[in-house]
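Colleague: Need a 3D model of the sequence below.
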Amino acid sequence: MAEHTHHTDQASTLRDMNHSNPTAPHPGRPATRVLSVTSGKGGVGKTAVVANLAILLARMEKRVLILDADLGLANIDVVFGLAPGYNLNHFFAGHQNLEAILVDGPEGIKILPAGSGMQRFTRLDSQQKMRLLDALESMNSDFDFVLIDTEAGISENVTYFNTAAQEILVVTTPDPTAITDAYALMKLLSTQHHEKRFSLIVNCIKSEEEALDVYRKLTMVANRYLDISIDYIGSIPRDRLMIDAIRKQQTLVQLFPDCRTSHAFKALAKTVAQEPQTIQPKGSIQFFWKRLLEFNAK
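Modeller: Numbers count the residues shown, from 1 in each chain. Here you go, the predicted structure:
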């Protein structure tokens, strides 16, 4: 117990070191929070983070939308065992509107699924990007959280969805290549797209100390070479039960709610739900920027 408290204190101190002063939340109804969940490298468990986080936020009575932004290799519908009739490829082709694509996921979650095995929309043009911005803005459903599951890497689509989100959650593992690629993604978003704030989730850890070591390494390099803030928001233990959950097309927190990793996801969801949001719009490219403008004007 003392060891757990020690690590919790360390994490809190590290968060405070890199936490700028966010704008205080408005006392009225919060604006929609749009979070991109992204990674510099595939295979780090990004989609599992999105799926489990969505379930837990929904259990907190948050209205959650998942946007599967891996437009060539869809994953979210597979994780939840869904077989949608339409996907975002139909929207970008002009065949369907977003409401027709929207599907019901478990526990009240709404999902905008992506397509699989098609290269056509792996690089959206400016018109397609604006259509998506406008269509999301005009959707009748109001959401507390929009979770964007980006593809891995540093493609144009990845940078677009990250810059259009309000908050960027970077998922990595202790693997040296994953750490290097996470840094490369933050460097690109910082130097070419002027992103200054990132939240870090370290997945597949053996111990909390291992996660904090990853955070220290990234922070040390970022402080030396980049003008960014990295906020450590949590870690997820390596767990064989995750493989069972994926095979059964359910989330870990649904199948094994009392396991150690589910408790780690619950702690992460609580942190995400309580994080002060930045309510200043970054610009017209941002999702729900009109609502943010209205929210800011109150």
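
Colleague: Average pLDDT for the helix or strand where Glu137 lies, rounded please.
Modeller: Per DSSP states H and E: Glu137 is located in helix 126-138. Here helix 126-138 scores 89 as its mean pLDDT.

Colleague: cool, stretch 187-196 as well?
Modeller: 95.

Colleague: try stretch 68-84
Modeller: Averaging pLDDT along stretch 68-84 gives 90.

Colleague: Endpoints of that stretch, how far apart?
Modeller: 12 Å (C-alpha to C-alpha, to the nearest Å).

Colleague: What is the distance between it and the centre of its chain?
Modeller: Remark: stretch 68-84 is offset 15 Å from the chain centroid, using C-alpha atoms, centre = their mean, to the nearest Å.

Colleague: Please enumerate residues in contact with that stretch?
Modeller: For stretch 68-84, contacts defined as C-beta atoms under 8 Å, 6 or more residues apart in numbering pick out 36, 47-48, 50-51, 66, 87-89, 92, 101, 103, 105-106, 111-119, 121-122, 124, 148-152, 157, 161, 246, 249-251. Using the backbone N, CA and C atoms, a C-beta is placed for each residue, glycine as well.

Colleague: again, only this time at 7 Å
Modeller: With C-beta atoms under 7 Å, 6 or more residues apart in numbering as the contact definition, stretch 68-84 has outside contacts at 47, 50-51, 66, 87-89, 103, 105-106, 111-116, 118-119, 121-122, 148-151, 157, 161, 246, 249.

Colleague: Could you pick out the buried ones from those residues?
Modeller: 47, 50-51, 66, 87-89, 103, 105-106, 111-116, 121, 148-151, 157, 161, 246 (16 or more other C-beta atoms under 10 Å).

Colleague: What about the residues you listed, which are in strands?
Modeller: If you go by DSSP state E, these have Ile66, Val103, Ile111, Leu112, Ile148, Asp149, Thr150 in strands.

Colleague: is the last one in a bridge, and if so with what?
Modeller: When you say that, I think you mean Thr150. Note on Thr150: beta-bridge partners by DSSP bridges are Ala69.

Colleague: likewise the fourth one?
Modeller: Leu112 has these beta-bridge partners by DSSP bridges: Leu67.

Colleague: Report the buried residues of the helix holding Glu137.
Modeller: Within helix 126-138, the residues that count as buried by 16+ other C-beta under 10 Å are Gln128, Lys129, Arg131, Leu132, Leu133, Leu136.

Colleague: With respect to Asn97, which of those residues is nearest?
Modeller: Distance to Asn97 across the buried residues of helix 126-138 (C-beta to C-beta) is lowest for Arg131, with 10.0 Å.

Colleague: Which other helices and strands does the helix or strand Leu218 falls within contact?
Modeller: Per DSSP H and E: Leu218 is located in helix 208-225. Secondary-structure packing of helix 208-225 (3 or more C-beta pairs under 7 Å, 6 or more residues apart in numbering; DSSP states H and E): helix 2-17, helix 176-193, strand 197-205, strand 229-237.

Colleague: can we see that at 10 Å?
Modeller: Judged by 3 or more C-beta pairs under 10 Å, 6 or more residues apart in numbering; DSSP states H and E, helix 208-225 is in contact with helix 2-17, strand 167-172, helix 176-193, strand 197-205, strand 229-237.

Colleague: residues contacting Gly105?
Modeller: When contacts are counted by C-beta atoms under 10 Å, 6 or more residues apart in numbering, Gly105 touches 51, 54-55, 58, 64-66, 76-77, 79-82, 111, 113.
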